[in-house]
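> kindly return the folded structure for what I paste below:
(chains A and B)
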Amino acid sequence: MWLRYFDDGRRTKSKNMKTSGNTRIGIDVGGTNTDAVLMQGTKVLTSIKVPTTKDIGSGVAAAAKAVMEGASVGPQEIVHVMIGTTQFTNAFVERKFLVEVAALRVALPATTSVLPFTDWPDDLRSLIGQHVFLVHGGHEFDGRPISGLLEEEILTVADQIKQRNIHSVAITGVFSAIDNAMEESVAAILQRECPGIKITLSNEIGRLGLIERENASLLNASLSGFVVEVIGGFVSALKNLKIDAPLFVSQNDGTLMNEDYVERYPVLTFASGPTNSMRGAAYLTAHKEAIVVDIGGTTTDVGILSNGFPRESSIPVDIGGVRTNFRMPDILSIGLGGGSIVRQNENGEITVGPDSVGYQLTSEALVFGGKTLTTSDIAVAAGRCQLGDPELVAHLDKDFIQQAEQKIHAMIEGAIDRMKTSRSDVPVILVGGGSILVSRNLKGASEVLVPENFGVANAIGAAMAQVGGEVDRIYSYEEMGREAAIRAAKEQAESGCINAGAQADSIKIIEVEELPLGYLPGGAVRLRVKAVGDLYQSI
Amino acid sequence: MQVNHTNLDDFIRGAAFLGTGGGGDPYVGRLMLKQVLDQGRCVNIIDPMDFPDRATAINLLTMGAPTVINEKIPSGPANVVALRKAEQELGYKIDAVMPIEAGGINATIPLVVGALTGLPVIDADGMGRAFPELQMTTFNVAGISSSPNIIADDKNSVVCIDTETNIEAERFCRDICVRMGGEGQMACYPLTGRQVKDHAVLNTISLAVAIGEAIRVARSDNEDAVDALLGFLGSDEVGRFARILFDGKVVDLLRETKGGFSVGRVLIDSLDNSGSQLEVVFQNEFLIARRDGVPLAMVPDLICIVDRETAEPITTENLKYGQRIKVMGVSVPAIMRSEKALEIFGPRGFRLDIDYSSIEQLCRNL
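Okay, the predicted model is just below:
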């Protein structure tokens, strides 16, 4: 048997655990579907898929209501609601609901040779505006100030912000990842002078790399109006259902943010979709080191689980034409899904995708009486699953079906091979509605795992209540010594974790990355340490 | 020739390729150039053969750690300050500026200064690629002093260093650079037009533009970009010996710091199940490539790692596990292969215990 299901093992285990007091709802709001699960401890009580609604809130409400009814759980029993959403990514990519932003860089006399927005697409620049301000301040790599802050200069900026009627500002200081004091001081002055202004601090978002971090901050600031609306929609949806539980939103690295934090940093949700499905896959199979293959309707996302978290991309990521460097999982997307169109060319060669019937699968695919041959039709014709009317694909040639299946598997195997980091075989976890396309073992996989609830892994990932803390700074090993530096960084990551609401005894350091800085003597090393912890005692 | 909005991306991609894995990501340089071009300024590139023998030139660069450069953007105006100070020290006007290295961010700095000052930029450099240290130039090979070495920062601090040897200049400048916040804007190696013609590596700015163009055109024509690049480099017009040394996947990566450099090696497994493995050793730049222990190319010949589909150059900092890459080897002009040149930037100049063999020799069967 090439598949291993996890229902028995997991259920027995969860019965032995204390589950009271952690009943929660995980929701994933995708472009097409809103998925929800109701979980108690480690157990999924119910799950549902409903269409995503235009106003988001009513879809979320419908999903939450359905899972509570399905599990006969009352709203007063829900202790947390976790939501994963791609709303903010979509808004930015589609240039919708964005506000004008003041770009305030704390750096003079340095950095004038590349001003904010230099590399932005023209349409975005004209939408978000060209309110650029540079003031004195910032730090050197070793923590020395470049220059001191000048309060009068900042007051002039505050005046300008008021005059120009701007309600959102992104503050970026040089080397603020090493010392955030100047960004904080500037923020305090603006807060006082421009009451109610939304402030994004670059040190809260980013890593080293001024332009990319500033871009991510500007992008975040441009969403400051929309995020209030979306979170407000979530809150009132829950309120209408009489759910009086704190709301969390999942972020790119698989950890959670509370309502206040997401209102300040919506940009941190940008890649939460694939992250949630990978975290859900890890959780459902209890595998911490594996490759996750998430097959949707149009695309297949392949990512690597390392220590239970998605491996992150180390290279800058382009979002809506803007280069950023915030924490994103390293994902390979290929044009293969349950709705991908299957064709045969004159030479008899079979092609699959990249175009897909997408959400119209249930009207366009042959098994649903439609006219388009899709990968799902192939799976039904091969007898791999029950979907629609198998009679409608009974006419397909056996060899053709076999070749099409071969092609589909080869595409997935190719993607797995591209993501693998070693020659040895690794476990592969299949999630997503399109998992039905896989009918045999895969090359490069030591085993292929299809967990129960594979279709709602993303909502389960959202419900996985972990919070995190991260440090990314430059340390001098010659001055501090390597061990002391790593210890200091770990302690800081751990306290960040506790501030986010983690149980102290559950905190684990999951990543320590050392990057020596070329050309600089003195043993300067950039250290990145990440800690995570549980919101609950019992998981 | 001009570098303008139309060929800027080609130039930057070519400079990244000639960076052979190091030299700092030219992305920041691209933004600096874009900003001056957006202001309506021009970058005029002149052929060294059109530059009069008695005219004067100077090399411009940013010295510093790539991480710092990405955070504290190099200052074009500070580089102009360094240039003007050099004129004062020399007691004459500079007629043109030029890059000290053809690869990485330093390929872009003199173009920014050219745009700011209106000075032409000579289509030539002193390394023909990227190297980590100031004395690793064809000028040093020819016995030309780098002094006066001017180093300036954003706060108008300007330091002038005169040294007996160019290696001493490297050491003093590096220390000053750390004091200036890990980065300094430099002018050094003043040259006459005659010296440029005799001792520089010629036409490397236009080479970078053409490399970028070859990659771009191949991509838009849906041709194999790596093959197109090989074809271009090997053409009569360019006359380089260029080969694909290896086609594979990154399976191991070791990076550490030694003496202020990013030192390490990357292991690449072949994709054809032959069991063959390529090891590339780097010190900021790629130094030597060995297949199953046998050298295929070594410094100063170019070893470039590119994405196997798009031919996008990959720096040592951006290497990661699992990447599908092609490793390319490209010969360098004869001026970089003299006995004296190899002492300074051949394998032994990087403390590799091996004598130089040319890529033509090592890859004659490839």
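> which stretches in the stretch 201-350 of chain A count as helices?
A:202-205, A:210-222, A:224-240, A:259-264, A:272-285 (DSSP state H, counting those that start in this stretch).
> can I get those helices in a markdown table including mean neighbour count, distance to B:Asp221 and mean pLDDT?
Where you see a C-beta, it was placed from the backbone N, CA and C, and this is true even at glycine. Below are the helices of the stretch 201-350 of chain A laid out as a markdown table (neighbours: other Cβ atoms under 10 Å in any protein chain shown; distance: least, Cβ to Cβ, whole Å; pLDDT from 0 to 100):
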| stretch | mean neighbour count | distance to B:Asp221 | mean pLDDT |
| --- | --- | --- | --- |
| helix A:202-205 | 23 | 39 | 87 |
| helix A:210-222 | 28 | 31 | 94 |
| helix A:224-240 | 18 | 41 | 91 |
| helix A:259-264 | 17 | 45 | 88 |
| helix A:272-285 | 29 | 33 | 88 |
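> how about those helices, which one is nearest chain B?
Set against chain B and scored by Cβ to the nearest Cβ, these come closest in helix A:210-222, at 4.9 Å.
> residue 197: neighbour count?
This is for chain A. Residues near A:Ile197, counting by other Cβ atoms under 10 Å in any protein chain shown, number 18.
> right idea, wrong chain: chain B
Using other Cβ under 10 Å as the criterion, B:Lys197 is surrounded by 16 other residues.
> count the residues that sit near the nearest residue to B:Phe241 once chain neighbours are set aside.
Of all residues not flanking B:Phe241 in the chain, B:Ser331 sits nearest, at 4.0 Å (Cβ to Cβ, 6 or more residues apart in numbering or on different chains). By the other Cβ under 10 Å criterion, the neighbourhood of B:Ser331 contains 22 residues.
> with the one 4 residues further on instead?
Burial of B:Ile335, expressed as a neighbour count using other Cβ under 10 Å, amounts to 16.
> what does it show for phi and psi?
Backbone torsions of B:Ile335, given as degrees, to the nearest 10, read phi -60, psi -20.
> pLDDT at it, what is it?
The predicted structure scores B:Ile335 at 97 on the pLDDT scale.
> hmm, the residue nearest to B:Phe241 is touching B:Ile303, no?
No: taking contact to mean Cβ atoms under 8 Å, the distance of 11.3 Å between B:Ser331 and B:Ile303 leaves them out of contact.
> rewinding a little: ok, now how distant is the residue nearest to B:Phe241 from B:Ile12?
Taking Cβ to Cβ, to the nearest Å as the criterion, B:Ser331 is separated from B:Ile12 by 23 Å.
> ok, B:Ser75 next?
If you measure B:Ser75 against B:Ile12 using Cβ to Cβ, the figure is 19 Å.
> now swap in A:Ile27 and tell me
Applying Cβ to Cβ, one obtains 43 Å for the distance of A:Ile27 from B:Ile12.
> compare those two (neighbour count), which wins?
When A:Ile27 and B:Ile12 are compared on other Cβ under 10 Å, the one with more neighbours turns out to be A:Ile27, at 29 against 26.
> can you list the low-confidence ranges for the chain?
Answering for chain A, as no chain was given. Scanning chain A for pLDDT under 70 picks out A:1-21, A:314, A:327, A:422, A:465, A:515-522, A:536-539.
> actually chain B
Regions of chain B meeting the criterion pLDDT under 70 cover residues B:257-260.
> residues touching the residue sitting nearest the centre point of chain A, list them.
Nearest residue to the geometric centre of chain A (Cα atoms, centre = their mean): A:Ser272, 1.6 Å. Residues in contact with A:Ser272 (Cβ atoms under 8 Å, 6 or more residues apart in numbering or on different chains) are A:Gly84, A:Thr85, A:Thr86, A:Val249, A:Ser250, A:Gln251, A:Asn252, A:Ala462.
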